[in-house]
Structure formats: C-alpha cells, structure tokens
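> next input, structure requested:
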Amino acid sequence: MTGPSGKTGRLAFRNARLIDPASNLDVKGGLLVENGRIADIGPRLFNDADKNDPEIIDCRGLVLAPGLIDCRVFTGEPGSEHRETLHSASEAAAAGGVTTMVVMPNTDPVIDEPSLVDFILRRASATAKVRVAPMAALTRKLKGEVMTEMGLLMEAGAVAFTDGDQTVANARVMRRALSYAAGFGALVVGHAEDTDLVEGAAITESEFATRAGLPAAPAMAEVIIVERDLRLVELTGARYHFGQISTRAALDAIAKAKARGLPVTCGVSAHHLILNELDVGAYYTFRKVKPPLRCEADRAAMVEGVMSGVIDVIVSSHEPQGADTKRQPFASAAFGAVGLETLLPAALNLCHESGAALPHILNTLTASPARILGLAGGTLAKGAPADLVLLDENEPFVVDETKLSSRARNTAFEGRRFQGRAQKTFVGGECVFSRS
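This next block holds a predicted model:
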C-alpha cells in the first residue's frame, strides 16, 4: 500500500467526539499527531493546548474518526484514463473522507503481473492524495482459466486477489486458486453471479423488468455462486470475501457459513442499501449497476445484514463511466456508478433512517476492512497512521453531479438528499481535503 508520507511536526485536534470502532472508543476528547502518526488520544486532551503544538484544530464537537477504507474502487488507470485516473479518484476519495482506496485489477492491461502492481503503487505514490492498496487479478487476463502467481504478486504489494466484477465460472479453477491462496494465507475476493444466467441481462428479473421490456436475470444467479464458493472454502480452508452481495438468499447462506466457522466475510455497496429496482425509473442508466438493483425486500435485507453484523463492510463500488457508454439505451449502456464521495453519506443514512449506531456504521468503513485486508489504518490507536476524517453526521446536502471531484459524473444519487458528510480529511497528518 502506498500514499502520502505525512507531514512532520505536531498537530492537535481539540473539542472532538472521538469514535474508534477498533477499540470501542466513543468519548469527547482530543488527539495529537506527531510526524504523521497518532501520538496521543483521550478525554484529557479535550481542551488542553500545548505551546509545542504549531497547529490546533477546533473540531467544534464534530466526530473525529479513522479515515474510511473503501474496499471496492475501479479506476481507468492504466488504459482508460479518460474515465478516471488514480489522481482524480483520490480527489473524490478525499472529498468523501476516504483515506485508503483498494483498487481493482480490471484495467488495461489487467493487473496480473508483479510489474503492474509495482506500477500502480509507484503511480499512486506520485499522484494520489490518499493511500492506494491494489488488488491483483485472481486469474490471468480475468479470463477465469489460469490462476496468477499469487506469491510474487503478494511480494509486489497486492493485498488480495480478485477478478473484480467477473465470476470465475470454472469450479475447478476456483478450487485450485483457493487452495493456492490458502498456502500463502492470501485473501480471495469473489464476485457472485452465475455467468450463464446473467448473460445479456441488464436488470433483475421481476414484474418491473417485464413491464420495462428489459433483458433480465433471476436474483438466484447470485446465491448459486455463493453456495458453490462456500463449499469450496470449506474444502480448501482459504480466506474468502464476497466483494458485494445484494440478495436475502446470499445473506442467509453467508450467515450460516459464518455460524459454522468458515473464514468468510462479505460486503455490500452503498447503492444496494439505498436504492431498489424501481429506482431505475424511466431507464435511468446511471443506476444500471452490477449486480443489478434488487427488489425492496432484498434491499431491506441488506440493511438488516449491516445492522446484524453479517455484512462486514460497506463499499462504494466506485465505477466511473464516460457519457459515451452511459448515454445509450438501457440494455446496451455500461454497468457502474461513481460512489467515493457518496459512500459516507449513504452509510450514514442507516443511522438516520434505520436507527443504526454511528460507531457500528463507522466500523464497516474503517476497522472491519482494515482487519479483513490486513491494513495498518482503520483505528485511532497510538502509533497508527494519522489517517482521519472529521465529519458532521447531521449536515444536510443535495448530491449535485457537477460538484463531484471524480472525472466521471455517473452518480446513482443525483438530486438525492443526504444528511452527514466529511468536513476535513487527513492522510498521514496532512490535510488533503477541507470543505471550509
């Protein structure tokens, strides 16, 4: 993982509500940063000032929490920089309170060689405002046929292995990849959609899809792969993370697997927590995502999964697309929606509308992804990197695509009213975004 090295000297935060899900901390207090790392934290620092503090930030009672870790970010670099670069994505991340982007290998060329992992890390170090942790491809060229050299890719800096939004259809290949990954202690991140069932589909199968006249696939296509991969995890013992799920059936299957002690975790995208199939409306292609938006019962199940802890992380599933690929008939438009800047507001929606506790929601965005991926951030512990977000959980605003920092504008939340967003973002003690 790479990112800004952080500033030297001391930085003091006062008058804050400190929330650190990793240590179950939720108190009023202050935090001290020295040389890019957290030097001290606690209630006794609430108002204390030190003559050695060159910069003091009055948090005005707002929440100071670990910077967010977004586990599912697609960019266009290398190969499609017109859609998004690491730099432009990092600007969007900083504006959203995200201090670590975990980027997918679905680029051109595919990130399936150690030299390409190294390229991502070097490029991010030179251009990105936030930390970048690359995932490498699970199979060569994402074709699902031959697994990659995981050991060499891990040495180069890959934090996990995935084919992104592609399913490894061949069970034999997946079994071999999981067995190989288990030997290295590597994390495999899977995409759960039966490729044959979803081929050519643009929306989830339902009465709405029929009335809209759109090609559709059954929601059952998800749990078919979930059940298969859970059996393979049981067979191989590999650590496995479902990048995103979207159905009640998948949630129930994963809950049972966790109860049996299998080493599995899962995530859900922000748009699958907020939107359902009816939000496609009059063929709104910015809400054509993969997997597709589901029925209201499945959306409610995703909220329930987050609340119960079965779902471990919330992700943006940030996937920038140009106007040329989105301004098309719904069936032929590209999948994907940008989401780095709306990840936090969408997650906070569960606090305001579903009664979720703020520390619990922040856990899905900080400590939990850090634990799953083995990253150093996600905590306010002494000695941890000073990757921080100062957020106002109650500030109302309306999403305006023209004000997004991302190079692409295909947000699924245009015109949406949210409550709560990042005010300042710090990476290694350096302020990389300030709303004021």
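> can you map out the strands along the stretch 201-350 of the chain?
For the stretch 201-350 of the chain, applying DSSP state E, counting those that start in this stretch gives strands covering 203-204, 216-217, 239-242, 264-269, 313-315.
> turn those strands into JSON lines, including mean neighbour count, mean pLDDT and distance to residue 167.
To be clear about C-beta, it is placed using only N, CA and C from the backbone, and glycine gets the same treatment. Below are the strands of the stretch 201-350 of the chain laid out as JSON lines (neighbours: other CB atoms under 10 Å; pLDDT from 0 to 100; distance: least, CB to CB, whole Å):
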{"stretch": "strand 203-204", "mean neighbour count": "24", "mean pLDDT": "98", "distance to residue 167": "16"}
{"stretch": "strand 216-217", "mean neighbour count": "21", "mean pLDDT": "97", "distance to residue 167": "12"}
{"stretch": "strand 239-242", "mean neighbour count": "23", "mean pLDDT": "98", "distance to residue 167": "11"}
{"stretch": "strand 264-269", "mean neighbour count": "25", "mean pLDDT": "98", "distance to residue 167": "15"}
{"stretch": "strand 313-315", "mean neighbour count": "27", "mean pLDDT": "98", "distance to residue 167": "17"}
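> poorly predicted segments of the stretch 51-200 of the chain, please.
For the stretch 51-200 of the chain, the stretches with pLDDT under 70 are 51-54.
> that older thread, can you lay out the strands of the stretch 201-350 of the chain as CSV showing distance to residue 138?
Listed next are the strands of the stretch 201-350 of the chain as CSV, based on distance: least, CB to CB, whole Å:
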stretch, distance to residue 138
strand 203-204, 26
strand 216-217, 23
strand 239-242, 11
strand 264-269, 16
strand 313-315, 18
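> to residue 193, which of those strands lies closest?
Closest of these to residue 193 is strand 216-217, at 7.9 Å (criterion: CB to CB).
> the nearest residue to residue 137 once chain neighbours are set aside: which element?
Using CB to CB, 6 or more residues apart in numbering and skipping residues adjacent in sequence, the residue nearest residue 137 is residue 112, 3.9 Å away. Using DSSP states H and E, residue 112 is not contained in any helix or strand.
> please apply the same query to residue 193.
Residue-wise, residue 193 maps onto no helix or strand under DSSP H and E.
> quick check: mean pLDDT of stretch 356-375?
Averaging pLDDT along stretch 356-375 gives 98.
> first vs last residue of it, how far apart are they?
25 Å (CA to CA, to the nearest Å).
> what pairs with residue 13 across the strands?
Under DSSP bridges, the beta-bridge partners of residue 13 are residue 31, residue 57.
> for residue 393, see how far away it is.
17 Å (CB to CB, to the nearest Å).
> compare neighbour counts for these two and give me the winner.
More crowded of residue 13 and residue 393, by other CB atoms under 10 Å: residue 13, with 26 against 20.
> from residue 207, how far out is the more buried one?
Distance of residue 13 to residue 207, computed by CB to CB: 52 Å.
> and what of residue 309?
Residue 309 is 33 Å from residue 207, by CB to CB.
> which of these two has more residues huddled nearby?
residue 309 (13 against 9).
> mind checking the SS state of the spatially closest residue to that one that is not a sequence neighbour?
In space, and not counting its chain neighbours, residue 309 is closest to residue 360: 7.9 Å by CB to CB, 6+ apart. Look at residue 360: counting by DSSP: H, G, I helix; E, B strand; the rest coil, its state is helix.
> contacts only, for residue 360.
21, 307, 309 (CB atoms under 8 Å, 6 or more residues apart in numbering).
> apart from its neighbours in sequence, what residue is nearest the second one?
In space, not counting the residues next to it along the chain, residue 307 is nearest to residue 356; the distance is 5.7 Å by CB to CB, 6+ apart.
> that neighbour against residue 349, yeah?
No: look at residue 356 against residue 349 with CB atoms under 8 Å: they stay out of range, at 9.1 Å.
> comparing those two, which residue is more hemmed in?
Per other CB under 10 Å, whichever of residue 356 and residue 349 has more neighbours is residue 349, with 22 against 18.
> can you show me the helices along the chain?
86-95, 114-127, 150-156, 171-184, 195-198, 207-212, 220-236, 248-259, 270-274, 296-308, 323-326, 343-354, 358-365, 367-373 (DSSP state H).
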